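Trainee: structure of the sequence below:
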Amino acid sequence: MSAAADYLIINALGSLDNPNAEHSAEAAGQLNQSSEEMTIDQRTLADAHASGLTAVNITLGYTMGDMPPFEHTIHEIEVWDSIIARNAADLIKVRAVDDISQARSAGKIGVIYGFQNAVAIGNDLERVEMFGRLGVRVIQLTYNQANHIGDGSMAAENRGLTAFGRQVVERLNDSAIMVDLSHSGERTCLEAAAISRQPVSINHTGCRALTDLPRNKTDEELRLVASRGGFVGIYFMPFLNISGHARAADVVEHIDHAVNVCGEDHVGIGTDGSVTSIDDLDAYRATLAEHVARRQAAGVSAAGERADTLPFVIDLRGVNQFYELIRLLELRGYSQSRIEKILGTNFLDYARRIWAA
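Mentor: Numbers count the residues shown, from 1 in each chain. From the prediction side, this is the model:
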């Protein structure tokens, strides 16, 4: 069996945080989470290194809540710049593909700045280029709900992109920023993939053909994104099993289905979680119902979120998660070259197609 260290591992959507720290907003499930409340401590960094991780697309800026979207997003970029500056021995800000290669050769973790909601653009298209100059490399068009750009996966109308949303996609292409269609509604995804001059991505999702939930993508969406040179990342989330209790075997099934639909050159991983695992699961479960209730009350939850659904895969977490995934893919009969693609090189190749534009 190959070790995770033998592979380039890029998490197309994840986080750097110690959820066990006293002030970790991630563990508390806060809707108005700020990057200042993330705990990037020595355990966070040690765990990231031990996992074999080379680079991760982290979420910063406005996603949901009552903060002013633009101002909050600018502040978050400043916060992450300072985090990376304070931890320069371990972290490197990723602006180009070469930064990922540099991170690997230097034994550092590449940090890719990404949004999970494009609301901070407001009505000013010039902000897209500005965010690009500040180092944002990925912008997801919507979260679960609708915004002024398009409909999210939980918007019942499924209206697709707005006229302004089409302009946003064009500007993202102009600025060599990834158009991420995770969380988008089906029509929004199909329209954006069709009109984008550059390949698009779905950085963290599952396959609806296997689990019929709105956060998962149909074969039509997956196939279109891949056919235009895009990227699909499979998450380690409860939506991979209709019971809400996804296991590592479900992750493998969704990866395998995505490979069959998209081809092995277009599939990767976007775990939607941290490498450092929650130590006290009993205590976490006691607060989970309140966390889910707050998300539901705010209108930002997805179908499949329940008081008993952990937002991670119980047997595929912690510093061994990538090692375990490699083992399971090998058992599935995947070759080393195919595993290399899924673990990181497919994302790297996709990034090269976008960021070099």
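Trainee: wait, what's in contact with V179?
Mentor: Going by Cβ atoms under 8 Å, 6 or more residues apart in numbering, V179 touches I139, L141, V169, L172, N173, A192, S196, Q198, V200, S201. For glycine as for every other residue, the C-beta is placed from the backbone atoms N, C-alpha and C.
Trainee: ok, A289 next?
Mentor: For A289, counting by Cβ under 8 Å, 6+ apart, the contacting residues are A307, D308.
Trainee: quick check: mean pLDDT across the strand or helix carrying it?
Mentor: Applying DSSP states H and E as the criterion places A289 in helix 281-298. Average pLDDT, helix 281-298: 87.
Trainee: what residues of that helix count as buried?
Mentor: Y284, L288, H291, V292, R295 (16 or more other Cβ atoms under 10 Å).
Trainee: can you check stretch 255-268 too?
Mentor: With burial defined by 16+ other Cβ under 10 Å, the residues of stretch 255-268 counted as buried are I255, D256, H257, A258, V259, V261, C262, E264, H266, V267, G268.
Trainee: Three-state assignment for I92, please.
Mentor: strand (DSSP: H, G, I helix; E, B strand; the rest coil).
Trainee: so who does it touch?
Mentor: I84, D99, Q102, A103, A106, K108, I109, G110, V111.
Trainee: among the contacts of V179, the buried ones, what's the PyMOL command?
Mentor: Command for PyMOL that selects the buried part of the contacts of V179, burial taken from 16+ other Cβ under 10 Å:
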select buried, resi 139+141+169+172+173+192+196+198+200+201
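Trainee: with adjacent residues omitted, what lies nearest to D250?
Mentor: L240 (4.1 Å; Cβ to Cβ, 6 or more residues apart in numbering).
Trainee: could you do R338 as well?
Mentor: E264 (5.3 Å).
Trainee: distance of that neighbour relative to V179?
Mentor: Taking Cβ to Cβ, to the nearest Å as the measure, E264 falls 22 Å from V179.
Trainee: return the subset of the contacts of V179 lying in strands.
Mentor: In strands, defined here by DSSP state E, the members of the contacts of V179 are I139, S201.
Trainee: pick out whichever of the contacts of V179 sits closest to Y350.
Mentor: Using Cβ to Cβ, S201 is the member of the contacts of V179 that sits closest to Y350, with 6.5 Å.
Trainee: check contacts around the closest residue to the closest one other than its chain neighbours.
Mentor: Nearest non-adjacent residue to S201, counting by Cβ to Cβ, 6+ apart: F231, 4.3 Å away. By Cβ under 8 Å, 6+ apart, the residues touching F231 are A12, P199, S201, I202, N203, V225, H266, V267, G268, N346, F347, Y350.
Trainee: what is the end-to-end distance of stretch 83-95?
Mentor: 16 Å (Cα to Cα, to the nearest Å).
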